[in-house]
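Engineer: Show me how the following folds:
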Amino acid sequence: MIRLIGAELNRLASRRLSLVLAAAVVVVVALFQVAVAQAVAPPSAAQVAVARQGFEQDRQQWQQNHEQWQQQCLDQGGSEAECVIPEPSEADYGLAPTPYGDIVGAGVTFAVVMAMLAAYVISASFMGAEYSTGSLGNWLTFVPRRERVYAAKVVALVIGSGALGALAGLLMVGGAAIVTSVQGQPLTGIGGVTAAAARGVPVVVFAALMGFGIALLTRHTVAALGALLGYGLLVLGLSIVSYLVPVLSLLKRWQLETNILAFVNHGHAYQVVERVISAEGVSLQAASRTLAFAPAGTYLAAVLVVMLAIALLVFRGRDVT
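Structural biologist: Numbering: from 1, shown residues only. Here you go, the predicted structure:
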């Protein structure tokens with residue numbers, strides 16, 4: 001079995017698409033460091049002079065009116081958490097460098113998404129190409145036990161996509177740490193962003209195995225890519241229609257991207273649309289919901305297990321010629 005997994009890993013790594021997309025992820029993460037450098041760099045004296053005036057004016061308005069603004073929000077049906085109006089900070093106006101954890105937290109999410117897309121395409125192409133070229137049938141003549149072949153492919157994709165996810169997270173956190181240190185700024189929140197990058201690795205593996213399973217079921221790489229595009233259009237359509245049919249916004253809890261963000265960020269707040277009846281009539285308002293880490297992880301694991309189980313059943317009984 002080890003030799004079989006090694007053979008699958010060699011085939012995966014030797015594909016040109018795998019190398020190109022992995023390199024693309026590295027380049028994109030490297031380019032993000034330009035944004036990190038700009039965010040953590042101390043502002044110049046001229047920039048401080050321009051921004052200071054606006055900051056002082058807005059802070060004065062907040063001090064005078066924030067309690068009234070909060071009460072108005074509560075009167076309109078908002079929750080305590082939704083109606084909290086934070087005091088303007090110097091970082092918001094460019095008077096102080098952006099903390100390392102703030103900019104890199106967004107960067108880690110960005111890197112994970114890029115790695116997920118690359119892993120999905122690599123895995124879908126890896127499986128789809130074997131059907132389209134007929135190499136899968138030839139491979140099964142050497143290793144006729146389909147369960148072993150299936151398991152070897154899954155393990156190879158777990159190792160390959162896990163390495164890609166770890167590389168993306170490491171480059172994002174480590175590269176930003178170097179850039180921030182060069183600027184003479186502290187690495188505030190490095191523990192949190194490192195943990196988020198680590199949680200991103202299994203999510204990248206999830207994307208790879210989903211691409212593998214869909215390509216196996218459809219026999220075509222293009223069909224797997226079409227499924228990804230179709231899901232994106234479905235999410236976009238639901239976000240628009242939910243304002244006409246508010247109950248549909250409750251489906252956001254079960255959307256993959258909501259659960260992925262909750263897993264990576266150890267919790268995620270999302271918006272649903274609620275119909276509110278008041279003396280003025282019926283109105284639609286956005287309400288915040290929070291999805292915790294554990295339910296999100298359980299849901300993603302269940303989706304993946306179902307997908308792999310169905311793919312295995314199909315692979316065992318289907319004619320691959």
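Engineer: can we go C-alpha only for contacts and neighbour counts from here?
Structural biologist: Noted.
Engineer: Heading C-terminal from the host helix or strand of Glu8, find the next helix or strand.
Structural biologist: Using DSSP states H and E, Glu8 sits in helix 2-14. Next along the chain after helix 2-14, taking DSSP H and E as the criterion, comes helix 16-40.
Engineer: Which strands and helices lie in contact with that following helix?
Structural biologist: In terms of contacts (3 or more CA pairs under 8 Å, 6 or more residues apart in numbering; DSSP states H and E), helix 16-40 is packed against helix 100-133, helix 146-182.
Engineer: between it and helix 146-182, how big is the angle?
Structural biologist: Relative orientation of helix 16-40 versus helix 146-182 (axes from the mean of the first three to the mean of the last three CA atoms, to 10 degrees): 30 degrees.
Engineer: what comes up buried for helix 16-40?
Structural biologist: For helix 16-40, the neighbour count (16 or more other CA atoms under 10 Å) marks 17-18, 21-22, 25-26, 29-30, 32-33, 36-37, 39-40 as buried.
Engineer: That helix versus helix 2-14: what angle between them?
Structural biologist: 70 degrees.
Engineer: angle of helix 16-40 against helix 100-133?
Structural biologist: Going by the same axes, to 10 degrees, helix 16-40 makes 170 degrees with helix 100-133.
Engineer: quick one: pLDDT of Asn265?
Structural biologist: The confidence metric pLDDT takes the value 91 at Asn265.
Engineer: Pull the contacting residues for the residue lying closest to it once chain neighbours are set aside.
Structural biologist: Using CA to CA, 6 or more residues apart in numbering and skipping residues adjacent in sequence, the residue nearest Asn265 is Ala196, 5.9 Å away. Applying CA atoms under 8 Å, 6 or more residues apart in numbering, we find Ala196 in contact with 105, 108, 264-266.
Engineer: let's see it at 10 Å
Structural biologist: Contacts for Ala196 were tallied using CA atoms under 10 Å, 6 or more residues apart in numbering; they are 105, 108-109, 112, 169, 173, 190, 263-266.
Engineer: Check Ala106 too.
Structural biologist: Neighbours of Ala106 in contact, by CA under 10 Å, 6+ apart: 193, 265.
Engineer: same deal with Leu261?
Structural biologist: Neighbours of Leu261 in contact, by CA under 10 Å, 6+ apart: 109, 112-113, 200, 203, 267-270, 291-293, 296.
Engineer: same thing but 6 Å
Structural biologist: Not one residue lies near Leu261 by CA atoms under 6 Å, 6 or more residues apart in numbering.
Engineer: so which strand or helix has it?
Structural biologist: helix 256-264.
Engineer: and if you look at Val272?
Structural biologist: strand 268-278.
Engineer: Can you mark which positions in that strand are buried?
Structural biologist: Quick answer for strand 268-278 (16+ other CA under 10 Å): 268, 270, 272-274.
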